[in-house]
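J.: Build me a model from this:
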Amino acid sequence: MDDLCGKKLSLPVTTHFDTVGVTIDFTEEAKIAIRSALNGDEGTHVLIVSADSGGCSGYMYDMQVTEDPLDDEFQSVEVDGMRVLVHNRDSVMLSGITIDYKNELMGGGFQILNPNAGKSCGCGQSFGV
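T.: Sure thing, here's the model as predicted:
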């Protein structure tokens, strides 16, 4: 499309995605690690769990502690007074996951068991549907 000045105009791109109600299970070790990561800011901060494009299997897990975005596009799961958010676009891929935490020198950190993953990488950080 051209506007009156001869410049190209583009229309916004919209993406449709399915949404399901999110459920997440947490091990006791994961709850302790999440509380530690929130560092006493449970009232203002949340943990966001997401699935980003990338990795050797198609998607990579990402977990970030951040100020609550107060956005209706996220679903909230409460775990022992802490809030964990999942964006609606990731809900189909992440609903039903179990989040664990391993305190080990090699391969330690958060581990995600995902029943929705059709394939996963040996590192455990990448999955495909």
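
J.: mind listing the helices for the protein?
T.: Applying DSSP state H to the chain gives helices spanning 28-38, 91-94.

J.: among these, which is the most enclosed?
T.: Highest mean neighbour count of the helices of the chain: helix 91-94, a mean of 20 (counted as mean count of other Cβ atoms under 10 Å). Yep, even glycine has a C-beta here, placed from its N, CA and C like the rest.

J.: Count the neighbours of residue 40 for me.
T.: 9 (other Cβ atoms under 10 Å).

J.: do residue 44 as well
T.: Residues near residue 44, counting by other Cβ under 10 Å: 10.

J.: How about the one 5 residues further on?
T.: Here the neighbour count serves as a burial measure; for residue 49 (other Cβ under 10 Å) it reads 22.

J.: That one contacts residue 61, doesn't it?
T.: Yes - the criterion here is Cβ atoms under 8 Å, and residue 49 meets it with residue 61 at 7.2 Å.

J.: what sits in contact with each of the two?
T.: By Cβ atoms under 8 Å, 6 or more residues apart in numbering, residue 49 and residue 61 have no common neighbours.

J.: What is the least confident helix or strand in the protein?
T.: For the chain, counting by mean pLDDT, DSSP states H and E, strand 126-128 ranks last in confidence among helices and strands (a mean of 65).

J.: leaving aside the residues next to it on the chain, what's closest to the most centrally placed residue in the chain?
T.: Among the residues of the chain, the one closest to the centroid is residue 50, at 1.7 Å (Cα atoms, centre = their mean). In space, residue 50 comes closest to residue 62 once its chain neighbours are excluded; the distance is 4.7 Å by Cβ to Cβ, 6 or more residues apart in numbering.
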